[in-house]
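> Please find the sequence and the predicted model below.
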2 protein chains.
Amino acid sequence: MTEIKILKIGGSVLTDKTRFESARMVEIERIASEISKYGSGLILVHGAGSFGHIHAKKYNFTERFSAEGVLKTHRSVVRLNDLVVESLRKAGSGPVPVHPLSCTLLRDGRIDLMQIEPVIEMVNRGLVPVLHGDVAMDRSKGAGIVSGDQLVSHLARSLKPKIVALGTAVDGVIFRGEVLSVVKREDLFKIGSELGASAGVDVTGGMRGKLEELLDLADQGVSSTIFNAEKAGMIERVLGGERAGTLVEGKT
Amino acid sequence: MTEIKILKIGGSVLTDKTRFESARMVEIERIASEISKYGSGLILVHGAGSFGHIHAKKYNFTERFSAEGVLKTHRSVVRLNDLVVESLRKAGSGPVPVHPLSCTLLRDGRIDLMQIEPVIEMVNRGLVPVLHGDVAMDRSKGAGIVSGDQLVSHLARSLKPKIVALGTAVDGVIFRGEVLSVVKREDLFKIGSELGASAGVDVTGGMRGKLEELLDLADQGVSSTIFNAEKAGMIERVLGGERAGTLVEGKT
């Protein structure tokens, strides 16, 4: 079996989160080019940015179920996913879209079931599965939002990859102006209240939500790295195992 | 739990199978309108017609794995799925696309794993999941084609719905110029060799492939109906439990 690495690229890197459905094509193409140089074994997850969050906020799935909201939110994030997949294809990767709405069921906003075997088969055959933050059905609420971060955490929990890297528009977890090189569970209480939200609309909790997701993962023994994906060359370095940004350290 | 009915509409109804990616929009809209009158409890599966089969034939997944073939074939059938979903939305249904590539894993061309719980949740919430013939990952061959008929058979086996209806461009199973009102397992040997292939390119075996799929289902005790979906009003009648076309009769 191929050694798996999970890379997430945040919606704030791929889109302008302050403007509705605004893809940053130059960034998407640069990232696609960096990924295509990297080779095999990669699962890519991307955020929804200004494609999903604005619909998700409007339809507010935690309050009420909406058939229209499910379709519109899903279609919006799929438009971004199409752009990412097409850029990867042009750059020479073998991307395949994987839509959480088709393969995931939530309960109270958390992944209850997810079919990951097709994703594993894709990686083993040299493809790059490209998942994304999405709307998904929810046993308790009808529908809900599954963030890219939650997908990363769920996949990493099952697959125990050596590298779990989350590319954002900042250098890592920033606390009082400094990038923390390591964050552990016991730090959250201290730093949590001071973490800023991300720019623009984000229904999934910004950096605090991300950190909670990754600390849950760390509790399972899987460390992850939050790094700045806007800096050229960082993806390759982080996937190569180099220390950068913030390490969310798992119990050893 | 909502009572579930499974309706499949063949690719030869929705597309011109002799012309590459040629959707019959008038038919798609008529069928969407008929379905939207029907109400809840429905799972819709559609064939790929001239959207999937031509790519699938070109890339010949049973012979060799092709990353490009997986993406191109999938994108092609998704284009048809988008048209069907959009027509249903305009007609007033609550459609949601469900892509087999995201949720299904084959072994030697047969469904080995499929996540159907999200589909059940969709139906229970009043949505109409819209699945389609697709390319899917295959444990033995890398990738393969999962036909709409196989999806129907798999779903029906798990869900044991009262109505399983397959709309085609013909009146049913035709043997020596006559529509057979009932077909059972023991009839296949007699009629099988005389069944015609469907018009245009079909990689999934035409009427013979369909019948083999439905006889497997009948062996599990689930009967199904093959009817002519080009005739206006037939969908409603068949979903209402009326006898039409050919009944592929399950053991009782």
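Great, that's in hand.
> contacts and neighbour counts: CA atoms only from here.
OK.
> mind listing what A:Val84 touches?
A:Val84 sits next to A:28-29, A:32 when contact means CA atoms under 8 Å, 6 or more residues apart in numbering or on different chains.
> likewise A:Glu27?
A:13-14, A:230.
> got a list of what A:His136 touches?
Residue A:136: Ala, not His. A:70, A:100-102, A:104-106, A:143-146.
> cutoff 7 Å now
A:100-101, A:104-106, A:143-146 (CA atoms under 7 Å, 6 or more residues apart in numbering or on different chains).
> go on, A:Lys162?
Neighbours of A:Lys162 in contact, by CA under 7 Å, 6+ apart: A:Lys5.
> let's go with 8 Å and repeat that
A:4-5, A:222 are the contacts of A:Lys162 under CA under 8 Å, 6+ apart.
> Please identify which of the residues you listed is nearest to chain B.
Closest approach to chain B among those (CA to the nearest CA): A:Ile4, at 17.5 Å.
> Quick one: the contacts of A:Ala136 as CSV, columns for neighbour count, pLDDT and secondary structure too.
Formatted as CSV, the contacts of A:Ala136 follow (neighbours: other CA atoms under 10 Å in any protein chain shown; pLDDT from 0 to 100; DSSP: H, G, I helix; E, B strand; the rest coil):
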residue, neighbour count, pLDDT, secondary structure
A:Pro100, 28, 98, helix
A:Leu101, 30, 98, helix
A:Thr104, 28, 98, strand
A:Leu105, 29, 98, strand
A:Leu106, 24, 98, strand
A:Ala143, 30, 97, strand
A:Gly144, 29, 96, strand
A:Ile145, 29, 95, strand
A:Val146, 25, 96, strand
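> Where do the helices of chain A begin and end?
A:11-14, A:25-38, A:49-59, A:67-91, A:100-103, A:117-124, A:148-159, A:188-191, A:206-219, A:234-239 (DSSP state H).
> which one of those helices has the lowest average pLDDT?
Lowest mean pLDDT within the helices of chain A: helix A:188-191, a mean of 76.
> Just the C-alphas of that one, formatted as CSV.
What follows is helix A:188-191, C-alpha atoms only, in CSV (Å, rounded to 0.1, in the frame of the first residue of the first chain):
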residue,chain,number,x,y,z
LEU,A,188,-5.9,25.3,24.2
PHE,A,189,-7.4,26.8,27.4
LYS,A,190,-4.6,29.4,27.5
ILE,A,191,-4.6,30.5,23.9
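> Just the buried subset of the contacts of A:Glu27, written out for PyMOL, thanks.
One line in PyMOL is enough to select the buried members of those, burial here meaning 16 or more other CA atoms under 10 Å in any protein chain shown:
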select buried, chain A and resi 13+14+230
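> Tell me the one among the contacts of A:Glu27 nearest to A:Arg237.
A:Glu230 (13.1 Å; CA to CA).
> Before we move on, what's the pLDDT of that closest one?
Predicted confidence (pLDDT) for A:Glu230: 96.
> wait, doesn't it sit right on A:Val13?
Yes - using CA atoms under 8 Å, A:Glu230 is in contact with A:Val13, at 6.6 Å.
> one step back: reformat the contacts of A:Val84 into a markdown table and put distance to B:Ala136 and neighbour count next to each item.
Shown next, in a markdown table, are the contacts of A:Val84 (distance: CA to CA, whole Å; neighbours: other CA atoms under 10 Å in any protein chain shown):
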| residue | distance to B:Ala136 | neighbour count |
| --- | --- | --- |
| A:Ile28 | 26 | 22 |
| A:Glu29 | 27 | 19 |
| A:Ala32 | 24 | 22 |
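> what sits up against stretch A:98-107?
For stretch A:98-107, using CA under 8 Å, 6+ apart, the contacting residues are A:74, A:78, A:111-115, A:119, A:129-141, A:143-144, A:146, B:97-103, B:115, B:117-119.
> Against A:Gly52, how distant is the most centrally placed residue in chain A?
Central residue check for chain A by CA atoms, centre = their mean: the C-alpha nearest the mean position is that of A:Gly148, 3.1 Å away. From A:Gly148 across to A:Gly52, the span is 11 Å (CA to CA, to the nearest Å).
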